Structure formats: C-alpha cells, structure tokens
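Enquirer: sequence first, predicted coordinates after that:
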Amino acid sequence: MHRERNVKIVATLGPATASADRIRALFEAGADVFRLNFSHGSHDDHLARIQIVRALEHEAGRPIGLLADLQGPKLRIGSFRDGAVDLIPGQNFRLDIEGTPGDVTGVALPHPEVLASLKPDTDLLLDDGKIRLRVREVHSGWAMTEVMVGGTLSDRKGLNLPDTVVPLSALTPKDRGDLAFALAHGVDWVGLSFVQRPDDLREARGLIQGRAALLAKIEKPSAVDELDEIVALSDAIMVARGDLGVEMPLQAVPGVQKRIVRAARRAGKPVVVATQMLDSMVKAPVPTRAEVSDVATAVYDGADAVMLSAETASGEYPVESVRTMNAIAEQIERDPLYRGIMDAEHNSPESTVSDAITAAARQVAETIRAAAIVTYTMSGSTALRAARERPRAPILCLTPLVETARRLSIAWGVNPVVAPDAVNFSDMVAKAVVLARNSELAKPGDMLVVTAGVPFGTPGNTNVLRIARVESVP
C-alpha cells in the first residue's frame, strides 16, 4: 500500500485514539507517523500505544514511524493565595523565589536560573502571551516588573521569555526518564522541545547514542537566530508554531515558517509543520477555509510532513481530521502550480559523487518518465538526498534495516520497504523491479531509475545509477 501523495502526515495519539481500532483507522485514513506526546499520559499509556502501532505495522506490512515528543523545560509561575489575581496595566508586580502564595503584588517564580538571566527592559509573557510584564529592576532572588498588558492571572500559568536565553538544559530530569523509556521501547524519532542553542542538541545526541533520530523543535526566537547550526546538528526540524507564536509577533510567524522550511530543505533534512493546522476539527467535523489554506501553504512550500495535535489526541473527530488533511494534500499535489513550485526550487547539489548521482537520477527519471526512483540505502542518506530533489516520480527506498525504514516514513515522497541488500548489479536491478511492482508503484513496461552505492552495504556511498524496465510476471 502506498499513499497518493508525497507529503507525510503525523498524527498525535491520546485519549481519543488509544484503542487499536482507532489507531488502525488513523493509519487507514492516511497517518504515516504517530506522535507520543510526553507532556501528557503515563509510561503505561505510551507503552500500550507503542505496542498497538507495532502490531499494526506487522499487519499492514508497511513501516510506521514513532515520534517521542519530550515535554522540555516548561517554565511556570507559582500559585496564588486566592487562586487568581487581576493585574492592571502600569502596576508593579514582583517575582521572587520565596515560594509563598502570591497576591496582586507578586508571585513566586520557582526558577532561580530565570531570575538570574533577567535584565531591565526585557519582557516576560504569561499564560500564552495574554499577560505581558516588563522588567524594571533585578536583584538577588527577585525582580520588579511593570504590567504592560493586564488581565486575570491564575495558578501555575506558563512563562515565556522571548528576549532571554536561559541557562537551562533542554532536557529536564523528567525528560531524561521519558527518553530512557522511549529508547528502550524502540521509538524512531525523539522530538527535543524548547531548543535554545546548538549545545542542546549535542547534549541530547550524547544520551541517544544513535538509537533514534533527533528532531529539533523550533519554538523560540533564540533557536531561529541560530537556525543553520541547529539544522546541521539535527536529523529533522519541526516548525512548532504554538510557543513560537507566543514569543514573537503573530504576523512574523508565517515568514519564519517559510525560512525554517527552506533551511531544512536546503540541508536535505525532513521538516514538519505543526500546531493548530485543523484546530477547529477538535470540535467540528469540517475545518475552516483558513485552516485548509494553512495546510495547503505548508504543502506548497514543500514541507516533508504536516502534523495533527489535539485534533487526533483529544478531539471529537480524529479520523476525519486525518482524512481531511490527506484530501487537502492530495488535491494540492495535483495542482500544476505545486509542481511548478517544486521544479523551480531545486537546490544546487553539493560537489560530491552522491549528490551528483542523485540530481542526475531526478533528471533521468523526468526525461524517460520513469515510474519510480529506487534507492538502496543502509543509513537512509541516499533516500533523503533523493527526497531533497523533490522529483516527480515517487521514491522507493529499499533497506535491510527496519529502523531506517521507520525513520524514513517522515520523509517527503519516500516509500520505505524492508528488503535484503543487493549483492551485485543483477541482483540490485532484479530486486528493484520486483519490489516496485509489488509496491504498486510500477507496472510491466514501466521504466525505473535505480541508485545505489558500490561496494554494496557501504553506508552513505551513492555512486551508481542504472535504468531498468519492469517486466511482466512470468
């Protein structure tokens, strides 16, 4: 079974999609990767979902990716004596580490690192940006702020610091425990939340040690400022528009989204666009026109995947949400304008043999109108190079490693299949023909463009291009 689209769909699992029947329905509606949100649910909850997905994968005969999304260092204020206060613009409001219940004059901020990082005239955002404070004085253990935008503020609301890099690890003790659990149960991707700087990725890689691929979630302005290095250090990127839309002006987010997508595509790294894509479908069976346009924009931009969060985790119409996103993507990819955009935005290949062969494969496939481009890969790098070209023909990725196949389920246009590695040229062509036909990507008489590395089984060494014809079954 293969999808009639190139962009992939990531669906978040949660209370609304915890059963085997619901997860199977999401997959059949079009989900390619399932996200486990470690901000919610117990390890037992996540383990049950992992086991269901792996059983479904075996039943369907198609690799399915699992993304473990870590919560990250979510900053929060303390509690109030009466549960909430009303803040008025112009009033003073104290933040300290004393821990006593707050009132209208101030509240605890149980993060000494945050207080130590504050400087006069920097802004703090509370409750998803609804409340804005400006720092006026900073002292040892406390800071005085002025309320710039007021309103009702209640217990344990979140805190964002758009102008400040806080010396906090992107991995909290909870994240480390969640990471160990996720890796022990074979997740394919780890999503690192609230990345501030490149060192956050280096720390995570040291813990993961190659057992999963690393996805950096871009949701802070400081990460945007160091985007190129963060992209270089990650295996994939997510445009996490929720907190990004809190920490910068809303009108700036679309431009930043395009910048992130373009940077990831230029580097040949998968890029996921996420947050509130079909948010109204949490409660309604159809999306708004604006949401349809939002999904379409991500597809037109060449994103590798689009993601559903609450829509599938806790919404009333999870399967309909996936089905709707699938229909939008299929329609956009049939639009002649879409293909024109993809053809106009090819990145120049690097001066390597692997890049030259992959760029040539796209050109040859277009010239002979090949039914598919077939790649042999161990690490997945050959398939990702092919996806970077955004070819017209689908990409059939053959790999002997199920881990590689699962990771590639997030990549644009890649149809991963677990198959024994080729031992010679004849075997390579024969396997490509049979598996392209079995995968329903090609029929007798069709042409295939096949790329591989010689000697066979050598990771990251694409140096051969062959053309093959699909023959009739004897």
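Expert: It's in. Numbering: from 1, shown residues only.
Enquirer: tell me which residues of stretch 127-143 come out buried.
Expert: Under the neighbour-count criterion of 16 or more other C-beta atoms under 10 Å, stretch 127-143 has Asp127, Gly129, Ile131, Arg132, Leu133, Val135, Val138, Trp142, Ala143 buried. Backbone N, C-alpha and C define where each C-beta goes, glycine included.
Enquirer: do stretch 108-116 as well
Expert: Result for stretch 108-116 [16+ other C-beta under 10 Å]: buried residues Ala108, Leu109, Pro110, His111, Val114, Leu115.
Enquirer: now the two most distant members of those residues.
Expert: Farthest pair in those (C-beta to C-beta) is Ala108 and Val114. Separation: 11.5 Å.
Enquirer: got TSV for the buried residues of stretch 127-143, with secondary structure and distance to Asp44 too?
Expert: Shown next, in TSV, are those (DSSP: H, G, I helix; E, B strand; the rest coil; distance: C-beta to C-beta, whole Å):
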residue	secondary structure	distance to Asp44
Asp127	coil	31
Gly129	coil	34
Ile131	strand	36
Arg132	strand	40
Leu133	strand	39
Val135	strand	42
Val138	strand	44
Trp142	strand	41
Ala143	strand	41
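Enquirer: closest to Ala298 among those residues?
Expert: When those are compared against Ala298 (criterion: C-beta to C-beta), the nearest one is Gly129, at 22.8 Å.
Enquirer: ok, now how distant is the closest one from Asp123?
Expert: 10 Å (C-beta to C-beta, to the nearest Å).
Enquirer: tell me where the model's unsure across this protein.
Expert: For the chain, the stretches with pLDDT under 70 are 1, 457-460, 472-474.
Enquirer: domain ranges for it?
Expert: 8-72+170-335, 84-160, 353-469 (automatic domain parsing).
Enquirer: what's the closest of those domains to Asp343?
Expert: Nearest of the domains of the chain (C-beta to C-beta): domain 353-469, 8.0 Å.
Enquirer: now the end-to-end length of the closest one.
Expert: Terminal residues of domain 353-469 are spaced 25 Å apart (C-alpha to C-alpha, to the nearest Å).
Enquirer: count of neighbours near Pro173?
Expert: Pro173: 8 surrounding residues under other C-beta atoms under 10 Å.
Enquirer: burial count for the residue nearest to Asn463 when sequence neighbours are not counted?
Expert: Nearest residue to Asn463 in three dimensions, chain neighbours excluded: Val353, at 5.1 Å (C-beta to C-beta, 6 or more residues apart in numbering). Neighbourhood size, Val353 [other C-beta under 10 Å]: 13.
Enquirer: which parts of the stretch 51-200 of the chain are strands?
Expert: Under the criterion DSSP state E, counting those that start in this stretch, strands of the stretch 51-200 of the chain are mapped to 65-69, 84-87, 92-96, 106-108, 123-126, 131-139, 142-149, 151-154, 159-160, 189-192.
Enquirer: for Ala29, what are its contacts?
Expert: By C-beta atoms under 8 Å, 6 or more residues apart in numbering, the contact set of Ala29 is Val319, Val322, Arg323, Asn326.
Enquirer: ok, the first one touching Ile23?
Expert: No: if you go by C-beta atoms under 8 Å, Val319 and Ile23 don't touch, sitting 10.1 Å apart.
Enquirer: next SSE after the helix or strand hosting Val450?
Expert: Counting by DSSP states H and E, the element that carries Val450 is strand 447-452. With elements assigned by DSSP H and E, the helix or strand that comes after strand 447-452 is strand 464-469.
Enquirer: now the angle from that next one to strand 447-452?
Expert: 150 degrees (axes from the mean of the first three to the mean of the last three C-alpha atoms, to 10 degrees).
Enquirer: Val149 and Gln331, how far apart?
Expert: In terms of C-beta to C-beta, Val149 sits 40 Å off from Gln331.
Enquirer: between the two ends of stretch 96-107, how far is it?
Expert: Termini of stretch 96-107 sit 7 Å apart (C-alpha to C-alpha).
Enquirer: same question, stretch 324-342
Expert: Stretch 324-342 end-to-end distance (C-alpha to C-alpha) = 23 Å.
Enquirer: same thing with stretch 59-68?
Expert: 22 Å.
Enquirer: now what about it, what contacts it?
Expert: Looking at what lies outside stretch 59-68 - C-beta under 8 Å, 6+ apart - the contacts are 1, 10, 27, 32-36, 38, 46, 50, 53, 56-57, 178-179, 182, 186-191, 212, 215, 402, 405-410, 416-418.
Enquirer: likewise stretch 340-353?
Expert: With C-beta under 8 Å, 6+ apart as the criterion, stretch 340-353 contacts 265-266, 268, 300, 302, 355-356, 358-359, 362, 388-390, 462-463.
Enquirer: list only buried entries from those residues.
Expert: Here, 16+ other C-beta under 10 Å leaves Arg265, Gly268, Tyr300, Gly302, Asp355, Thr358, Ala359, Arg362, Arg388, Glu389, Arg390, Thr462 buried among these.
Enquirer: out of those residues, which sit inside helices?
Expert: If you go by DSSP state H, these have Arg265, Tyr300, Asp355, Thr358, Ala359, Arg362, Arg388 in helices.
Enquirer: Ala232 versus the second one, what's the distance?
Expert: Using C-beta to C-beta, Tyr300 is found at 26 Å from Ala232.
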